[in-house]
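K.L.:
Sequence and predicted model, in that order:
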Amino acid sequence: MDDELIEGYRKFRANVWPEQRARYEALANWGQSPETMILACSDSRVDPQTIFGSAPGEMFVLRNVAAIARPISRIRRATTGRARRSNSACACSRCAVWS
């Protein structure tokens, strides 16, 4: 697995980084302020950024087992004190926790 991770990093540096360098540098310099927060299951088969087609910095993703959380109204008040445009939950339909 370590070899696969290293190879994945090399591909990122060779292919993605040159095209997206300005975006990553802007995020590093100016921080993040995503308008959307997604509560998702920590299941590795479900990647919210892939599902919703978002780029780095566009969504704040909180992942935990079975996407269990307090009611969304309490989460909305707890996220940095400012209103988010959107708060959503994303869970797997075949999650072992719910089966």
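P.N.:
On my side now, so go ahead.
K.L.:
list the contacts for Ala28?
P.N.:
Neighbour list for Ala28: empty [criterion: Cβ atoms under 8 Å, 6 or more residues apart in numbering]. All C-beta spots, glycine's among them, are computed from the backbone N, C-alpha and C.
K.L.:
Where does it sit, in terms of helix or strand?
P.N.:
For Ala28, the host element (DSSP states H and E) is helix 17-30.
K.L.:
Adjacent strands (with direction) for the helix or strand just after that helix?
P.N.:
Downstream of helix 17-30, the first helix or strand assigned by DSSP H and E is strand 36-41. Here strand 36-41 has these sheet partners by DSSP bridges: strand 59-64 (parallel), strand 86-90 (parallel).
K.L.:
which stretch in the ones you listed is the model least sure about?
P.N.:
Lowest mean pLDDT within those: strand 86-90, at a mean of 60.
K.L.:
Could you list the single helix or strand in this protein with the lowest mean pLDDT?
P.N.:
helix 72-78 (a mean of 53; mean pLDDT, DSSP states H and E).
K.L.:
which intervals of the protein have sub-threshold pLDDT?
P.N.:
For the chain, the stretches flagged by pLDDT under 70 are 67, 69-99.
K.L.:
Now with 80, please.
P.N.:
1, 46, 65-99 (pLDDT under 80).
K.L.:
care to break it down by domain?
P.N.:
For the chain, the structural domains run 1-31, 33-92, going by automatic domain parsing.
K.L.:
Could you look over the ones you listed and pick the most buried one?
P.N.:
domain 33-92 (a mean of 14; mean count of other Cβ atoms under 10 Å).
K.L.:
which residues touch the spatially closest residue to Asn64 that is not a sequence neighbour?
P.N.:
Excluding the flanking residues, the one nearest Asn64 by Cβ to Cβ, 6 or more residues apart in numbering is Ser42, at 5.7 Å. Counting by Cβ under 8 Å, 6+ apart, Ser42 makes contact with Arg63, Asn64, Val65.
K.L.:
Can you pull the phi/psi pair for Ser33?
P.N.:
phi -150, psi 60 (degrees, to the nearest 10).
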